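K.L.:
Here is a sequence with its predicted model. Questions after.
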Amino acid sequence: MNIDFNTATVRDFEDIPNHNIAQRADLFYEFLEYVESQGHMNYRLKNTTGTNSVVNVNIRNENREYVSFVSSDYLGFTQHPKVKQAAIEGIEKYGTGTGATPLIGGYFDYHNKLENKIASFFGRQQEEAAIFTTGYTANSASLQCLLQKEDIAILDMAVHASVHEGCAFTNKKTFPHNNLEALEHILKTSENIYRTKLVVIDGVYSQDGDTSRVNEIYDLVKKYNAFLMVDDVHGVGILGETGRGTLEEAKLLDKVDIITGTFSKTFGSLGGYVIADKKIVALLRFQSRQQIFSATAPPSSAGIIKAIDLIDEEPIWRQKLWDNINYFKKGLDDLGLDTGITRSAIIPVKIGDPHVTGDVGRLLIDRGIYTNPILYPAVPRKDARIRMSVSARHEKEHLDKTLNAFEDINNKLHIAKK
Ligand SMILES: Cc1ncc(COP(=O)(O)O)c(C=O)c1O
């Protein structure tokens with residue numbers, strides 16, 4: 001089996017014909033060594049200080065400070081003293097774990113408070129929120145629970161991997177990103193065939209940072225008597241007049257059937273949630289396999305309750321984030337770099353070639369800047385890019401340092417738009 005390491009990505013090692021586990025692992029290990037030898041190993045780097053705008057990371061056996069763009073802690077709440085304090089108080093009151101699944105003893109009063117808090121954040125009642133241990137399982141576990149063989153999930157091609165995983169046991173069709181004609185075609189040809197038609201989109205897409213055409217999609221979904229689920233993990237806390245996300249902006253908060261989200265990004269912790277009609281939520285609470293067979297979120301989750309409050313109590317963080325986004329994006333655009341169609345805190349610099357993208361990642365590291373080179377399968381093979389997440393905790397000096405580095409790298413590697 002010949003795999004060209006120069007163009008290969010991790011996807012090429014997912015399933016190799018005629019290779020058993022050990023043979024596949026051997027080949028993959030060789031590939032990892034090759035990536036390391038090229039200085040392209042920007043993955044699983046050991047951070048020794050926590051999430052922040054400047055972090056200490058161990059790279060090539062050396063601990064150094066880097067300006068960091070790798071975290072989705074958009075408002076900087078992982079380091080907010082009030083969020084930390086609430087998490088500490090949670091641990092002091094309840095201990096460090098729950099020891100049980102929600103159905104059989106692991107449902108504590110802070111879980112109830114958290115359901116209540118996230119529900120009311122979206123203008124709903126506590127019965128309309130189910131919480132999960134990750135944003136990933138909020139998608140995968142709830143889809144697995146809701147859809148079976150006689151149903152169909154209709155997905156925007158760019159939705160998150162967790163959504164695809166949740167559709168493993170149902171029918172699934174995808175439509176090109178934000179393409180309304182293609183979506184309508186699938187909805188039309190699915191009529192009278194499936195029990196439930198559920199369209200799943202993201203609010204903000206995680207690789208391009210662009211938003212869904214949610215108003216038009218909502219109208220189509222209702223025209224064909226389908227349901228709509230929106231995963232807004234990268235929109236909540238950032239978009240909308242009061243930070244309720246893409247659906248606030250679209251005035252659809254009370255109309256979309258299912259909203260999913262995470263506590264790991266804007267809310268500075270870990271966990272996920274589903275907002276829906278109370279009867280659908282009851283179905284999830286009692287039928288989702290994660291709710292039945294997996295333990296509940298630990299008491300440090302009390303910090304999330306404070307983080308949700310801070311969205312309204314300290315809007316300054318959202319303002320600071322947007323000042324940073326606008327400044328940084330303009331700086332990159334002025335250099336002629338291709339930031340695509342982002343409308344959020346996710347800013348890609350699109351390069352195309354995966355190897356050049358790896359080189360740019362390495363040169364940024366050399367300049368003390370930590371970013372994520374994103375390759376296939378996260379994006380199409382010829383659409384590799386450097387992906388950066390801007391935070392409210394970045395200072396102008398961090399952004400200027402990064403812009404200067406991009407300017408020098410562009411002079412060397414000519415990565416600007418042709
Ligand atoms: C669009 C989207 N949905 C869901 C998730 C999963 O969230 P979590 O990391 O909280 O499990 C992610 C994570 O990056 C994401 O980008």
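P.N.:
On my side now, so go ahead.

K.L.:
how far does stretch 231-243 stretch from start to finish?
P.N.:
When the termini of stretch 231-243 are compared using CA to CA, to the nearest Å, they are 15 Å apart.

K.L.:
Check which residues of that stretch are buried.
P.N.:
Neighbour-count burial for stretch 231-243, counted by 16 or more other CB atoms under 10 Å, picks out D231, D232, V233, H234, G235, V236, G237, I238, L239, G240, G243. Any C-beta I mention is one placed from the backbone N, CA and C, and that applies to glycine too.

K.L.:
who are the neighbours in contact with the third one?
P.N.:
Counting by CB atoms under 8 Å, 6 or more residues apart in numbering, V233 touches S72, G135, H160, D202, G203, V204, S206, T260, G261, T262, S264, K265.

K.L.:
Can I take it that it is in a helix?
P.N.:
No - using DSSP: H, G, I helix; E, B strand; the rest coil, the assignment for V233 is coil, not a helix.

K.L.:
Around the ligand, pick out the residues from the stretch 1-150 of the chain.
P.N.:
T134, G135, Y136, N139 (CB under 6 Å from any ligand atom).

K.L.:
residues contacting the closest residue to the ligand within the stretch 101-250 of the chain?
P.N.:
At 2.6 Å from the ligand, G135 is the closest residue in the stretch 101-250 of the chain, using CB to the nearest ligand atom. Neighbour list for G135: S162, D231, V233, T260, G261, T262, F263, S264, K265, G271, G272 [criterion: CB under 8 Å, 6+ apart].

K.L.:
Near the spatially closest residue to Q38 that is not a sequence neighbour, how many other residues are there?
P.N.:
Spatial nearest neighbour of Q38, chain neighbours left out: G358 (6.6 Å); criterion: CB to CB, 6 or more residues apart in numbering. By other CB atoms under 10 Å, the residues close to G358 number 21.

K.L.:
just checking, G358 touches M41?
P.N.:
No - at 9.3 Å, G358 does not count as touching M41 under the criterion of CB atoms under 8 Å.

K.L.:
if we can go back for a sec, give me the subset of the residues of the stretch 1-150 of the chain next to the ligand that lies in helices.
P.N.:
If you go by DSSP state H, these have G135, Y136, N139 in helices.

K.L.:
need the residues you listed in JSON lines with pLDDT and distance to R64, can you?
P.N.:
Below are those laid out as JSON lines (pLDDT from 0 to 100; distance: CB to CB, whole Å):
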{"residue": "G135", "pLDDT": "98", "distance to R64": "30"}
{"residue": "Y136", "pLDDT": "98", "distance to R64": "31"}
{"residue": "N139", "pLDDT": "98", "distance to R64": "36"}
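
K.L.:
quick one: which of those is nearest I104?
P.N.:
Ranked by distance to I104 (CB to CB), those are led by Y136 at 22.8 Å.

K.L.:
quick one on the thing from earlier: the residue of the stretch 101-250 of the chain closest to the ligand and G240: what is the separation?
P.N.:
Distance, G135 to G240, by CB to CB, to the nearest Å: 18 Å.

K.L.:
do N112 as well
P.N.:
Taking CB to CB, one finds N112 at 26 Å from G240.

K.L.:
Equivalent analysis for P315, please.
P.N.:
Relative to G240, and taking CB to CB, P315 is found at 12 Å.

K.L.:
Going by neighbour count, which of the residues of the stretch 1-150 of the chain next to the ligand comes out on top?
P.N.:
N139 (31 neighbours).

K.L.:
got a list of what the nearest residue to it once chain neighbours are set aside touches?
P.N.:
Residue nearest to N139 in three dimensions, not counting chain neighbours: S162, with 3.9 Å by CB to CB, 6+ apart. By CB under 8 Å, 6+ apart, S162 lies in contact with G135, Y136, T137, A138, N139, S140, D231.
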